[in-house]
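S.K.: requesting a structural model of the entry that follows:
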Amino acid sequence: MTEKSEDEFTREEQAFRASFAETEEFEPLDPAQFVRPARPRVRWERVLGAAAVVVVVAGAGVGLSQMAGRGMPASVAGAASTAEGSVTANDKGEAGGGVGQPAPQVPQPSTDFGSSASSWTVTSKAPLTRISPATGWLDGRFYLIGGTGACSDIDACKAYRDGAAYDPSTDTWTPVAAAPVSLQVQSGVAFQGKLYFTWSDDPKTGTLVVYDPGTNSWASIAAPARLGGLVVAGDQLISVGLGTRLGGDATDRRYDPASNTWTYLPTDPFSPDQARSVVAVGDRLVLWALSLTGEKYASFDLATQTWTPIKDLTESGNMIAVGDAVVFQRDGSAMLDTYRPADGASSGIAMDFGQDAIDKLRATGMLDLNGTVVGNRIVHYGELIDPSTNAMSLLPELPKAKLTGQVAIGSPNGLLVYRVTGANDKAKTTAYYLPASP
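M.R.: Numbers count the residues shown, from 1 in each chain. The predicted structure is shown next:
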């Protein structure tokens, strides 16, 4: 390399480094300037199509995306909160009352679960020790089905087909007959007094595996293709195609148990090769598809039998139906976005935690509860959140444990956590139940 080229390289390197230098606007803030609650929160509401939310910090507007990558993750937006309240705004002055104006009052957590219980209750001894079982809730009972044994050699772990059901009203566990196949990980869909699971060992076909608690028996029902999702919408059981790229088809169907027949729904607006998933809110479906240009959404109205693209929906993450809303939950992020199909509005919460708080949530297994639906609320970072109002209830902490496995099951009025510690002949199970008012 010549002396001239070396000088040019040095100047370019200096310019490159200078571009990442911290500006005065982003100099570290003195914690003494702020009085912050233990769990500050920033809440915003907007109608789809509105510009990005801006959080006002110390009087200067800073976009959430600007915070990320500057030593402050986007999920840590809570620096905008003070003991007196929080200040939020967007560039249209919506919800936040204009730049620099007080935001709507942020709800404070409570510990009122509609029960005299102040902590988790250890249930009677569970009759099985399983990792990653399928789960479900039906008619007052929580179900654990299938899964594998707790062994140190994962490849040697035995897969099981039987299960157990827990009734919190009597604190009793009841054996569940062995399913036709080993079910794992997934959550069953409750429909007309039975639990429905999807299963496939073939790239082009699928099976509905159905449990009838009345007879403690199972049935296998052939599906016309691999299913990308199974939901109850209104009084109908609906499945969507998985997409041709993943070995399924792009056909959406309605299943009628009485006649054991599948009926096609009108064609959805997405390309057949796009991967897809679905949730149901009331009598509407919200369909997600992944294309080369990004994520896309459409809604289906069962009353009019019509699909409508949702062009302005930009949220991303795992879709979860909660009450009258669709909640988007992203792994590793304390932000929670909500979309309401009925009016097209969305809202969100950004929660700020110090690393000590995150470590404690992880050590107690509370982070693993994220996404569990309890009635019209969802568990998120140790809080039970109502997405229709963003009201929060602080969950009691679970005991710390070195977990081999853990699953959580929600119901309209309670939450069951099933844990396994240890492995092989030292494996031990403990289940905890927490009642919660609707």
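
S.K.: just list whatever residues bridge to the nearest residue to Leu384 once chain neighbours are set aside.
M.R.: Leaving aside its sequence neighbours, Leu384 sits nearest to Ser393 (Cβ to Cβ, 6 or more residues apart in numbering; 4.4 Å). From N, CA and C alone the C-beta is placed, and that goes for glycine too. Beta-bridge partners recorded for Ser393 (DSSP bridges): Ser110, Leu384.

S.K.: number of nearby residues for Ser393?
M.R.: Per other Cβ atoms under 10 Å, the neighbour tally for Ser393 reads 19.

S.K.: tell me if I'm right that it and Gly382 touch.
M.R.: No. Ser393 lies out of contact with Gly382 (Cβ atoms under 8 Å); the separation is 10.1 Å.

S.K.: just list the residues touching Thr430, thanks.
M.R.: Counting by Cβ atoms under 8 Å, 6 or more residues apart in numbering, Thr430 touches Val122, Ala126, Ala401, Arg419, Thr421.

S.K.: now, those residues that are in strands?
M.R.: Per DSSP state E, strands hold the following members of these: Val122, Arg419, Thr421.

S.K.: contacting residues around the second one?
M.R.: Residues touching Arg419, when contacts are defined by Cβ under 8 Å, 6+ apart, comprise Gly365, Ala401, Leu403, Gly405, Gln406, Thr429, Thr430, Ala431, Tyr432.

S.K.: in strands, which of those residues appear?
M.R.: Secondary structure from DSSP E places Leu403, Gly405, Gln406, Thr429, Thr430, Ala431, Tyr432 of the contacts of Arg419 in strands.

S.K.: list only buried entries from the residues you listed.
M.R.: Buried members of those, scored by 16 or more other Cβ atoms under 10 Å, are Gly405, Gln406, Thr429, Thr430, Ala431, Tyr432.

S.K.: among these, which one sits closest to Asp331?
M.R.: Each of those was scored against Asp331 by Cβ to Cβ, and Gln406 proved nearest at 16.1 Å.

S.K.: residues touching the closest one, list them.
M.R.: With contacts defined as Cβ under 8 Å, 6+ apart, the neighbours of Gln406 are Gly365, Asp368, Val417, Tyr418, Arg419, Val420.

S.K.: and what about the residue sitting nearest the centre point of the chain, helix, strand or coil?
M.R.: In the chain, the centroid-proximal residue (Cα atoms, centre = their mean) is Gly371; its distance is 3.3 Å. Assigned by DSSP: H, G, I helix; E, B strand; the rest coil, the conformation of Gly371 is coil.

S.K.: which residues does the residue nearest to it when sequence neighbours are not counted bridge with?
M.R.: Spatial nearest neighbour of Gly371, chain neighbours left out: Gln329 (5.3 Å); criterion: Cβ to Cβ, 6+ apart. Under the criterion DSSP bridges, Gln329 forms beta bridges with Asn318, Leu336.

S.K.: give me the number of residues near Gln329?
M.R.: Gln329 sits with 18 neighbouring residues when counted by other Cβ under 10 Å.

S.K.: repeat for the one 4 residues further on
M.R.: Burial measure for Ser333: 16 neighbouring residues, criterion other Cβ under 10 Å.

S.K.: secondary structure class for it?
M.R.: Under three-state DSSP, the three-state class of Ser333 is coil.

S.K.: show me where the stretch 101-250 of the chain has its strands.
M.R.: Under the criterion DSSP state E, counting those that start in this stretch, strands of the stretch 101-250 of the chain are mapped to 121-122, 134-138, 141-145, 163-167, 172-176, 189-191, 194-199, 206-212, 217-223, 227-233, 236-241.

S.K.: could I get these as JSON lines with mean pLDDT and distance to Glu315?
M.R.: Listed next are the strands of the stretch 101-250 of the chain as JSON lines, based on pLDDT from 0 to 100; distance: least, Cβ to Cβ, whole Å:
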{"stretch": "strand 121-122", "mean pLDDT": "95", "distance to Glu315": "36"}
{"stretch": "strand 134-138", "mean pLDDT": "95", "distance to Glu315": "26"}
{"stretch": "strand 141-145", "mean pLDDT": "96", "distance to Glu315": "30"}
{"stretch": "strand 163-167", "mean pLDDT": "97", "distance to Glu315": "34"}
{"stretch": "strand 172-176", "mean pLDDT": "97", "distance to Glu315": "37"}
{"stretch": "strand 189-191", "mean pLDDT": "93", "distance to Glu315": "24"}
{"stretch": "strand 194-199", "mean pLDDT": "91", "distance to Glu315": "25"}
{"stretch": "strand 206-212", "mean pLDDT": "90", "distance to Glu315": "29"}
{"stretch": "strand 217-223", "mean pLDDT": "90", "distance to Glu315": "30"}
{"stretch": "strand 227-233", "mean pLDDT": "83", "distance to Glu315": "18"}
{"stretch": "strand 236-241", "mean pLDDT": "87", "distance to Glu315": "19"}
